[in-house]
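Peer 1: Sequence first, then the predicted structure, then my questions.
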Amino acid sequence: MNSLSKLRAQETARVAALFLTPVFLILAIYVFYPILESFRISMYDWNGISPNKTFIGGDNWKDLVVDGHFWKAFRNNLTIMVLSIAIQLPLGLSLATFLEFGAGHKILKVYKVLWFVPLLMSSVAIGFLFTYALSTTDGIITTISKFFGGGNVDLLGNPKTALFTVIMVICWQFTPFYMVYFIASFTNIPYDIYEAAVIDGATRSMYFIKIALPLLKPYIKSAAIMSLVGSLKYFDLIYVMTSGGPGTATELMATYMYKESFSNFNMGYGSAIACGMFILISLTALFTLKVLNRRNTDDLI
Amino acid sequence: MAKKWGLFLVVLITCMAAVFAGGSGESKSDSSSKVLEYWNINTEGSYKAIMDCALESYNANPVNGYTVKASPVVNDKYKEKLAIAMSSGQCPDIYSNWSGGPLFEYAESGFAQPLEDLLENSPIKDKIMPAGLQQATKDGHVYGVPYQNLTLVGVYYNKSIFDKYGFEEPKTIQELEHICEVLKADGIIPFALANRTKWTGSLYFMSLVNRYGGYEEVAAAEAGTGSFESECFIKAGEKIQDWVRKGYFPEGVNSLSEDDGQARQLIYREEAAMKVALANDIGTFKNEAPEFYAEKIGWFPFPYDENYPDVDPTIQVGSVGNQFITVNATGEAREAAFALIENHFTDASIQTAIDTGCIPPVIGIENKLSDPIQKKLVETVLNASAIQLYYDQYLPPAVSSVHLDTCQEIFGLTMTPQEAQAQMQAAMEEYNAGK
């Protein structure tokens, strides 16, 4: 009997290994190996194309720690992160709630599709669309301002407003994602609970605040983590709309990494930035997870 | 438990083996095949016409059995794409580039073969403007051959606006500023500039530096004997900020995009009167608005400052060739690639270039041109004592990117010229120290 269960365990392990190998291979080739390789390259002074690399140990890392440009980019990333979570999640949740409570009305199905559209567009297309829409000379905002007798409105070229303008576009793009995500989360709440609440005399807003919201909490948490990681490694839209400019007003860690690696021929330093990003993002995510989980146990007590 | 770890290790080792097998099995762009890969930015318009003409005549008479396959890439991301190809060992056999700092970087890394021996015995040696070859020569080695366009920086202006106010083409910066004042007072934007692209604003900066310090200051600063913080650079930055404050540029200049034609639109709508630009604009004007170009566009070289009489006013900013062909292939393939280069200088190729609005960098070209602006441009080049290649091509990439960023901040008034130049100098010193 004992040997039988042992045999069974062995069999399971063997099959598990067999089935996990492809995933493992893919992860090893496309995730683990590049990360390790980046760390290795970050120890070299290398222009990215020459066959000769010079080993310089931690010099790139020392430069990175005191590089004001990098920390400026990190601060911009943090701003995007905070505002993304503060705008996209509540907005996504309210849209989802609106659609959920109104289920049954036909017009809402149309809204659902319309609101989903931004997510279907590629970031590059959105970037171009908004650069034209926000153009200083003949964009939408300028035209409205001129209609009311104002002057040209320069949102993307002004270092004070550029970052926030880009963040608004990012929110426009990603709010639908959280909307769909929360719609899916709502379906995980059993309908009986809603019925029970209604029978007990709860209004919709009471149901939402006292019942749905607490039940959605784990989903909100993972949405926040997703948004956090996404914001910290953000690249495409910014690259298309401002490529980090004007000056360094909208520079992100990823755009800085790209510039150093491929425009400035500092592949070694670019790799150090990539690794710095990796470390910072991991730390921020771990820290946030820990904080969120601690709150969770507090609530239980 | 131990067994599980054993399995885990087996899987891990298999993975690693797969990774390294993949690494070593990767082959360089196959040198055995008889097709030469040619990368360039000639996706459309005149540049494509020139290339097609040369390719056709080469492929009709291939040398050493090699045929050439061209892969045009859009200009914007070309440099990055090339660097990525080189870093992964997939460098094309022949490629187009802008010469200057990046080209020498490619050469140092072994991706550009010297061509002076082949050039010495070739008839094209006496055709190409020496100033063009000079831009691609380092330590006596020629790494690229100019073939495309003489792109001089100058001021394009709207003739009918100038006529309306009775302006002459200004010779000095003081006259230019007077024109700007009058235009500004009448609600016309003096300069059309779209500076999200950054290099467009740099054209103003470089032109001004030339007028305040001449040619040597840049070379000295690059070599480490001078400094980017010297007076002519600071003065150029201050002049730009002065002009920004006086409203000589469109509002939101740093958010307008040259690639989307937002500066040219201001010219076409006659909302702006002048544009400091490359000669590439001639081809674009002709393409987008041929009648407007023929009727209304005039050109003059960047004016000089009468308070700086010692500085040679004939020095210009530009590139004698714009694009250069560089060869990465070796042996017989290198000779074949060079034959392709020679085909860019046949009478048919040169005529195609002229017909499509380009000024190929060949000797005696002034006699073949009929366009008055192009003629004036070539005259200016021939009279120039020196031609300064754009900083973003001339300087090492790590320094030029600092220049482009800080220059944009100068236009945005978010950085003083002193701060901007200090950053540029620091980047240059760092680069020279690492050499």
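Peer 2: Yep, that arrived.
Peer 1: in the stretch 301-435 of chain B, what residue is nearest chain A?
Peer 2: When distances are taken as Cβ to the nearest Cβ, the stretch 301-435 of chain B approaches chain A most closely through B:Glu409, which lies 4.0 Å from it. Placement of C-beta: from N, CA and C, glycine included.
Peer 1: Surely that residue forms part of a helix?
Peer 2: Yes. Inclusion of B:Glu409 in a helix is indicated when DSSP: H, G, I helix; E, B strand; the rest coil is applied.
Peer 1: hang on, isn't it packed against A:Glu251?
Peer 2: No. Proximity of B:Glu409 to A:Glu251 does not meet the contact threshold set by Cβ atoms under 8 Å, at 12.0 Å.
Peer 1: Helix or strand, whichever it is, which one in the chain has the lowest mean pLDDT?
Peer 2: Picked chain A for this. Every helix and strand of chain A was ranked by mean pLDDT, DSSP states H and E. The lowest is helix A:267-300, at a mean of 84.
Peer 1: not what I meant, chain B
Peer 2: Where chain B is concerned, the least confident helix or strand, going by mean pLDDT, DSSP H and E, is helix B:2-25, with a mean of 49.
Peer 1: Show me what the least confident helix or strand of chain A is packed against.
Peer 2: In terms of contacts (3 or more Cβ pairs under 8 Å, 6 or more residues apart in numbering or on different chains; DSSP states H and E), helix A:267-300 is packed against helix A:33-41, helix A:59-65, helix A:68-101, helix A:213-232, helix A:253-258.
Peer 1: residues of the helix or strand just after the fourth one that come out buried?
Peer 2: Same thing as helix A:213-232. The element immediately downstream of helix A:213-232 (helix or strand, assigned by DSSP states H and E) is helix A:236-241. Taking 16 or more other Cβ atoms under 10 Å in any protein chain shown as the neighbour-count basis, helix A:236-241 is seen to contain the buried residues A:237-241.
Peer 1: And stretch A:191-208, by the same measure?
Peer 2: Residues A:194, A:197, A:202, A:207-208 are the ones in stretch A:191-208 that count as buried (16+ other Cβ under 10 Å).
Peer 1: Include pLDDT, distance to B:Tyr157 and secondary structure when you put these into TSV, please.
Peer 2: Putting the buried residues of stretch A:191-208 into TSV (pLDDT from 0 to 100; distance: Cβ to Cβ, whole Å; DSSP: H, G, I helix; E, B strand; the rest coil) gives the following:
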residue	pLDDT	distance to B:Tyr157	secondary structure
A:Tyr194	86	72	helix
A:Ala197	89	74	helix
A:Ala202	86	74	coil
A:Tyr207	87	70	helix
A:Phe208	88	65	helix
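Peer 1: if we can go back for a sec, just checking, next helix/strand downstream of the least confident helix or strand of chain B?
Peer 2: With DSSP H and E, the next secondary element past helix B:2-25 is strand B:35-40.
Peer 1: average pLDDT for whichever helix or strand comes after that following strand?
Peer 2: Counting by DSSP H and E, the next helix or strand C-terminal to strand B:35-40 is helix B:45-60. What helix B:45-60 shows for mean pLDDT is 87.
Peer 1: which residue sits closest to B:Val311 in space, ignoring its chain neighbours?
Peer 2: Once flanking residues are discounted, B:Val311 sits nearest to B:Gly214: 4.9 Å by Cβ to Cβ, 6 or more residues apart in numbering or on different chains.
Peer 1: Could you do A:Met206 as well?
Peer 2: In space, A:Met206 comes closest to A:Ala197 once its chain neighbours are excluded; the distance is 7.6 Å by Cβ to Cβ, 6+ apart.
Peer 1: from the buried residues of helix A:236-241, which are also near chain B?
Peer 2: Taking Cβ under 8 Å from any Cβ of the partner chain as the test, chain B is in contact with none of the buried residues of helix A:236-241.
Peer 1: Relative to B:Leu118, which of those is nearest.
Peer 2: A:Tyr239 (40.4 Å; Cβ to Cβ).
Peer 1: Roughly how far does the closest one sit from B:Thr197?
Peer 2: According to Cβ to Cβ, to the nearest Å, A:Tyr239 stands 14 Å off from B:Thr197.
Peer 1: Equivalent analysis for A:Leu155, please.
Peer 2: Per Cβ to Cβ, A:Leu155 is found 18 Å from B:Thr197.
Peer 1: Go ahead and confirm A:Ser145 touches A:Asn152.
Peer 2: Yes. In this structure, A:Ser145 is within contact of A:Asn152 by Cβ under 8 Å, at 7.3 Å.
Peer 1: more crowded one of the two?
Peer 2: A:Asn152 (18 against 14; other Cβ atoms under 10 Å in any protein chain shown).
Peer 1: any weak-confidence spans in chain B?
Peer 2: Counting by pLDDT under 70, chain B shows low-confidence ranges at B:1-33, B:76, B:435.
Peer 1: 80 - rerun?
Peer 2: Screening chain B residue by residue with the criterion pLDDT under 80, one finds the ranges B:1-33, B:44-46, B:75-77, B:259-260, B:357, B:434-435.
Peer 1: repeat for chain A
Peer 2: A:1-2, A:50-51, A:102-104, A:137-138, A:151-152, A:245, A:247, A:293-301.
Peer 1: go again using 70 as the cut-off
Peer 2: Counting by pLDDT under 70, the ranges of chain A that qualify are A:1, A:295-301.
Peer 1: Pick out the residue nearest the middle of it.
Peer 2: Averaging the C-alpha coordinates of chain A gives a centre point, and the residue nearest to it by Cα atoms, centre = their mean is A:Gly230 (1.8 Å).
Peer 1: distance of that one from chain B?
Peer 2: Using Cβ to the nearest Cβ, to the nearest Å, we find A:Gly230 at a distance of 24 Å from chain B.
Peer 1: wait, what's in contact with that residue?
Peer 2: A:84, A:174 (Cβ atoms under 8 Å, 6 or more residues apart in numbering or on different chains).
Peer 1: Now do it against A:Ile170, distance only.
Peer 2: In this view, A:Gly230 and A:Ile170 are 9 Å apart by Cβ to Cβ.
Peer 1: shared neighbours of these two, anything?
Peer 2: The contact sets of A:Gly230 and A:Ile170 overlap at A:Ser84 (Cβ under 8 Å, 6+ apart).
Peer 1: Based on its surroundings, how many neighbours for A:Leu7?
Peer 2: The number of residues packed near A:Leu7 is 10, by other Cβ under 10 Å.
Peer 1: And it, how far from A:Ala13?
Peer 2: Counting by Cβ to Cβ, the gap between A:Leu7 and A:Ala13 amounts to 11 Å.
Peer 1: what's the answer for B:Phe300, then?
Peer 2: 82 Å.
Peer 1: okay, these two: which has more neighbours?
Peer 2: For B:Phe300 versus A:Ala13, the count of surrounding residues by other Cβ under 10 Å is larger for B:Phe300: 18 against 15.
Peer 1: so is that one in a helix, a strand, or just coil?
Peer 2: Classification of B:Phe300 by three-state DSSP places it in strand.
Peer 1: quick one, what contacts it?
Peer 2: B:154-155, B:157, B:169-170, B:376.
Peer 1: Among those residues, which are located in strands?
Peer 2: Restricting those to those inside strands, with DSSP state E as the criterion, leaves B:154-155, B:157.
Peer 1: May I see the residues you listed arranged in a markdown table, with distance to chain A as well?
Peer 2: Rendered in a markdown table, the data for the ones in strands among the contacts of B:Phe300 read as follows (distance: Cβ to the nearest Cβ, whole Å):
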| residue | distance to chain A |
| --- | --- |
| B:Gly154 | 24 |
| B:Val155 | 21 |
| B:Tyr157 | 20 |
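Peer 1: Nearest to B:Pro417 among those residues?
Peer 2: Proximity of the ones in strands among the contacts of B:Phe300 to B:Pro417, judged by Cβ to Cβ, is greatest for B:Val155, which lies at 21.9 Å.
Peer 1: residues from the stretch 101-250 of chain A in reach of chain B?
Peer 2: A:131-132, A:134-137, A:151-159, A:162, A:242-243, A:245-249.
Peer 1: Write a PyMOL command that selects only the buried members of those residues.
Peer 2: The following PyMOL command selects only the buried members of these, with burial defined by 16+ other Cβ under 10 Å:
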select buried, chain A and resi 131+134+135+136+137+152+153+154+155+156+157+158+159+162+242+243+245+246+247+248+249
